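Chemist: take a look and give me a structure for this.
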Amino acid sequence: MEEYEIKFLEVDVPEVEKKLIQIGAEKVGEYDYLRVILDYPDGALHKKHSWIRLRTDGKEVTLTYKQSKKDESGNNIGMKEIEVGVEEYEKTLQFLQAIGLIVKMEEKNKRIRYEKGDVVFDIDSWPQIPTYLEIESDSYEKVKNAAKALDFNPDNGIIGTAGSVYKKYGIDIDEYSSITFDRMIKK
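Modeler: Just a heads-up that it's a prediction; the model follows:
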């Protein structure tokens with residue numbers, strides 16, 4: 001699957017939720033995510049702007065390959081994503097480590113999700129940075145139209161990962177081994 005997304009920083013959560021309801025989006029749920037990001041010891045995936053993510057919300061567990069798509073100038077233009085459901089977080093982590101992957105980082109975040117058709121609206125809260133809204137779909141046109149429906153200017157958003165948002169606040173997440181609400185541990 002290819003996904004296209006734009007993030008809008010420092011949103012007023014009650015106001016965004018009100019607008020989402022007004023445009024007919026439905027609340028899907030609220031999630032507390034625990035995830036690890038994995039790579040090979042030599043950083044082979046990182047060199048290809050990709051990574052493996054193992055994530056759980058305490059009920060569902062997913063294993064995902066993600067790769068940032070870049071244009072000729074090196075700007076993010078989308079994301080390739082291959083995701084599968086797995087049964088057990090700890091056993092899957094053990095499996096991945098047994099085949100040579102290493103944990104680069106442990107992360108926790110909170111999410112409120114709304115959907116309207118094939119557009120997903122995630123209100124994401126991460127440690128040490130303000131809450132932001134991510135709008136995602138299978139085309140930029142759909143994402144831009146959804147942003148406009150919420151009175152956001154698509155040109156004012158960020159195209160990229162949560163790490164891109166952290167960089168806007170002067171934090172390089174590649175320097176950390178743990179980013180949780182309890183602690184941020186540098187490597």
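
Chemist: do you know how far Gly117 is from Glu26?
Modeler: Per Cβ to Cβ, to the nearest Å, Gly117 is found 10 Å from Glu26. Where you see a C-beta, it was placed from the backbone N, CA and C, and this is true even at glycine.

Chemist: can you check Ile159 too?
Modeler: 25 Å.

Chemist: of these two, who's got more company?
Modeler: Legend: neighbour count by other Cβ atoms under 10 Å for Ile159 and Glu26, higher for Ile159 (18 against 11).

Chemist: look up the pLDDT of that one for me, please.
Modeler: At Ile159, the model reports a pLDDT of 90.

Chemist: quick check: it vs Glu17, distance?
Modeler: Counting by Cβ to Cβ - Ile159 and Glu17 are separated by 23 Å.

Chemist: quick check: the residue located most distally from the centre of the chain vs Glu10, distance?
Modeler: If you look at how far each residue of the chain sits from its centre, by Cα atoms, centre = their mean, the farthest one is Ala98, at 25.8 Å. As judged by Cβ to Cβ, Ala98 and Glu10 stand 42 Å apart.

Chemist: what do you get for Arg55?
Modeler: In terms of Cβ to Cβ, Arg55 sits 25 Å off from Glu10.

Chemist: for those two, indicate the residue with more neighbours.
Modeler: Neighbour comparison, Arg55 and Glu10: the larger count goes to Arg55, with 20 against 10 (by other Cβ under 10 Å).

Chemist: the more buried one in helix, strand or coil?
Modeler: Here Arg55 is strand, with the state taken from DSSP: H, G, I helix; E, B strand; the rest coil.

Chemist: report the contact partners of it.
Modeler: Tyr33, Leu34, Arg35, Val61, Thr62, Thr64 (Cβ atoms under 8 Å, 6 or more residues apart in numbering).

Chemist: ok, the fifth one touching Gly85?
Modeler: Yes. Here Thr62 lies in contact with Gly85, judged by Cβ atoms under 8 Å, at a distance of 5.8 Å.

Chemist: what about the two, which has more around it?
Modeler: Counting neighbours by other Cβ under 10 Å for Thr62 and for Gly85 shows that Thr62 has the greater number, 17 against 8.

Chemist: quick check: buried residues in stretch 140-159?
Modeler: Within stretch 140-159, the residues that qualify as buried are Lys142, Val143, Lys144, Ala146, Ala147, Ala149, Leu150, Phe152, Pro154, Gly157, Ile158, Ile159, counting by 16 or more other Cβ atoms under 10 Å.

Chemist: and if you look at stretch 100-120?
Modeler: Neighbour count says stretch 100-120 has 101, 103-105, 107-114, 116, 119-120 buried, by 16+ other Cβ under 10 Å.

Chemist: ok, now stretch 115-134?
Modeler: Here stretch 115-134 shows 116, 119-127, 129, 131-134 as buried, counting by 16+ other Cβ under 10 Å.
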